[in-house]
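**Student:** structural data only, the sequence is not supplied:
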């Protein structure tokens, strides 16, 4: 069976995957560091990534708060922290790609097409489904959407 | 008719008569506003010919203004109790119903002619009543027609609040508690469910805060933000349908737990209604939040700012670089224009007050972020060497600008101007990346 690594700050996706995606072995990670460790240890055939990590502790987030604040938010670190949490899934994917993990990644989010195209340019095999729909997830992971 | 023969044949009377007839015809045609105007003009000119009370009564009757109709029938019969049309008027008055028929008995059999002033007052009263009826009807029509989308379109100042509330509703309730159960519901309805699916569905729908309370909480938030007169359930059919769907889900819990086939079908219909609401709200949010930056918008901003500043905006050169293509940003147009005008105003005023050559330049570029988003930078450079604080330039209206930018996660920063320029003020905004945002 293929191995799916679910990366999220809670357990909703894992709970869903264990019920509806029984044709995968499900593993879970709640941060980029945990995901890197899991991939290093056991590998995975695909990644299912949550976008928002608003429950994750600040120190677990990928991204430099100060630099992001200066670059995007006129020095406002509170906004930068929130932004990093809201977009964390994509930043975790960036970290995984930098570490050499090229597995197909899937988000559950209704990304606009242009943003999806940007993500694919940046990170290769990336797709998204708009909601927790097991059939759509399975098709996306199989590349048959 | 006898009473018509007694009328003085002056011009005012003739004009009034024509206006009365026109007003009656308009009322009969359902054009109450125009009828009101005609009757008001007529009443101001001369008293009504009592013969016209009969057509006026009939027009009121046909518009379902029953009490007004009865009153005018009575006046007609008072003025000409035995004349032509009296018998028909009596029958029509009686036909209005038992409630108004007794009015006939109260009419004096052969009254004296009414003083002109009284007639004018009565017609004015009738016109005022018609006016009230028309105003109420229009107000009701407007209220009925004001969906959330229409309210947002008519009130730009409410758009940020509406978008925020819609986002909360979609994310907190619709996405995680409703849309997520679609597949489980289908599987359970068809009998193809695997173990765990029922538990998953029941936990999402009936675990935690009761769905009805959560839904009511979101509706309450809309009402608090938009005002108690705007009632989503009364004015917006999508929300009304969704409310019924939530009620259905809440009341089918027991039947679902007993696995009754009808309950699964009901749940599927309720789920479809709430999915429709979610899709409509998603489209609404996108429409509200996007504005296209293009050459025309920048030209408007520059022209308006120059007009406002007058001679204080006199510079040697003002260059606006062409925007490569329309670039939509996630910002309400009202706010975007406010921000850009503020920045351009300050640059023009600074350059004009600085040393020659006095120049201002505006350009727009776009950069892709690691998140896949794109950042739009509107850069306004000037030649005045007076330094500004790096992140908070002291500008007129800065509070409004800051608020507008904060709402969309935008920012305003001061950078080095580069070659030949003293400084650059840069507005940073997120690009709207939907397929439709820039086509609009």
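**Tutor:** Yep, that arrived. For clarity, every value in this text was computed on a predicted model and none was experimentally measured.

**Student:** list the contacts for the residue nearest to the spatial centre of chain A?
**Tutor:** The residue lying closest to the centre of chain A (Cα atoms, centre = their mean) is residue A:49, at 2.8 Å. Going by Cβ atoms under 8 Å, 6 or more residues apart in numbering or on different chains, residue A:49 touches A:6-8, A:89, A:92-93, A:105-107. (Each C-beta comes from the backbone N, C-alpha and C, glycine too.)

**Student:** residue of the stretch 1-150 of chain B with the smallest distance to chain A?
**Tutor:** As assessed by Cβ to the nearest Cβ, chain A sits closest to residue B:149 within the stretch 1-150 of chain B, at 19.2 Å.

**Student:** contacts only, for the closest residue to that residue other than its chain neighbours.
**Tutor:** Nearest residue to residue B:149 in three dimensions, chain neighbours excluded: residue B:284, at 5.3 Å (Cβ to Cβ, 6 or more residues apart in numbering or on different chains). Residues in contact with residue B:284 (Cβ under 8 Å, 6+ apart) are B:148-149, B:152, B:162, B:166.

**Student:** confidence score at residue B:41?
**Tutor:** With respect to pLDDT, residue B:41 scores 78.

**Student:** does it really touch residue B:17, like I thought?
**Tutor:** No: assessed by Cβ atoms under 8 Å, residue B:41 is found out of contact with residue B:17, at 11.7 Å.

**Student:** which of the contacts of residue B:284 lies closest to residue A:13?
**Tutor:** residue B:166 (23.9 Å; Cβ to Cβ).

**Student:** which residues does that closest one contact?
**Tutor:** Contacts of residue B:166 (Cβ under 8 Å, 6+ apart): B:148, B:281, B:284-285.

**Student:** now render those as JSON lines, adding pLDDT.
**Tutor:** As requested, the contacts of residue B:166 are exported to JSON lines (pLDDT from 0 to 100):
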{"residue": "B:148", "pLDDT": "93"}
{"residue": "B:281", "pLDDT": "95"}
{"residue": "B:284", "pLDDT": "91"}
{"residue": "B:285", "pLDDT": "87"}
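
**Student:** ok, back up a step: farthest pair within the contacts of residue B:284?
**Tutor:** For those, and using Cβ to Cβ, no pair is farther apart than B:149 and B:166, which are 10.3 Å apart.

**Student:** show me where the chain has its strands.
**Tutor:** By default, I'm working from chain A. A:2-7, A:24-29, A:46-49, A:105-108, A:126-129 (DSSP state E).

**Student:** try again with chain B
**Tutor:** Going by DSSP E, chain B shows strands at B:290-293, B:317-320, B:327-330, B:359-368, B:374-382, B:411-416, B:423-430.

**Student:** what's the pLDDT at residue B:390?
**Tutor:** On the pLDDT scale, residue B:390 gets 52.

**Student:** wait, I meant residue B:154
**Tutor:** 82.

**Student:** can you check residue B:382 too?
**Tutor:** Predicted confidence (pLDDT) for residue B:382: 96.

**Student:** surely it meets residue B:418?
**Tutor:** No: if you go by Cβ under 8 Å, residue B:382 and residue B:418 don't touch, sitting 11.9 Å apart.

**Student:** which one's more surrounded, those two?
**Tutor:** residue B:382 (27 against 11; other Cβ atoms under 10 Å in any protein chain shown).

**Student:** who does the more buried one form a beta bridge with?
**Tutor:** Counting by DSSP bridges, residue B:382 is bridged to residue B:360, residue B:423.

**Student:** OK, contacts around it?
**Tutor:** Residues counted as contacts of residue B:382 (Cβ under 8 Å, 6+ apart) are B:347-348, B:350-351, B:354, B:359-360, B:417, B:421-423.

**Student:** hmm, 6 Å instead?
**Tutor:** B:347, B:350-351, B:360 (Cβ atoms under 6 Å, 6 or more residues apart in numbering or on different chains).

**Student:** a markdown table for those residues, including pLDDT and neighbour count?
**Tutor:** Listed next are the contacts of residue B:382 as a markdown table, based on pLDDT from 0 to 100; neighbours: other Cβ atoms under 10 Å in any protein chain shown:
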| residue | pLDDT | neighbour count |
| --- | --- | --- |
| B:347 | 94 | 27 |
| B:350 | 92 | 23 |
| B:351 | 94 | 27 |
| B:360 | 96 | 25 |
